[in-house]
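Trainee: no sequence on this one, just coordinates:
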């Protein structure tokens, strides 16, 4: 947890409900947990070279691809903001 920028107190008893239509993005984001690019100041973003093949496998249409990619980018930005808080 600490290596990812989180502390135990970040995981109090806060439960987050995930709407069914968001599970594909959440599952993909979790599966990308080992694919972070890291710079001198910490994580900088996901390795899109590893993400693109997963998007290809999980989507059937360009619209699905774009929607899932957009959702992943939103999760990525949110995670970076949390992990890089000082």
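Mentor: Alright, I've got the coordinates. Everything numeric here is computed off the predicted structure, so don't read it as measured data.
Trainee: didn't residue 50 look like it was pressed against residue 31?
Mentor: No. Counting by Cβ atoms under 8 Å, residue 31 is not a contact partner of residue 50; they are 9.8 Å apart. Glycine gets a C-beta too; all of them are placed from N, C-alpha and C.
Trainee: did I read that right, residue 33 in a strand?
Mentor: No. Looking at residue 33 with DSSP: H, G, I helix; E, B strand; the rest coil, it is coil, so not inside a strand.
Trainee: ok, now how distant is it from residue 45?
Mentor: 13 Å (Cβ to Cβ, to the nearest Å).
Trainee: do residue 79 as well
Mentor: Distance from residue 79 to residue 45, by Cβ to Cβ: 10 Å.
Trainee: Which of the two has more residues huddled nearby?
Mentor: Under the neighbour definition other Cβ atoms under 10 Å, residue 79 and residue 45 were set side by side, and residue 79 has more, 19 against 16.
Trainee: What is the burial count for residue 56?
Mentor: 9.
Trainee: and it, what element?
Mentor: helix 48-58 (DSSP states H and E).
Trainee: Stretch 36-44: which residues count as buried?
Mentor: 36, 43 (16 or more other Cβ atoms under 10 Å).
Trainee: mind checking how far that stretch is from the chain centre?
Mentor: On the basis of Cα atoms, centre = their mean, to the nearest Å, stretch 36-44 is displaced by 14 Å from the centre of the chain it belongs to.
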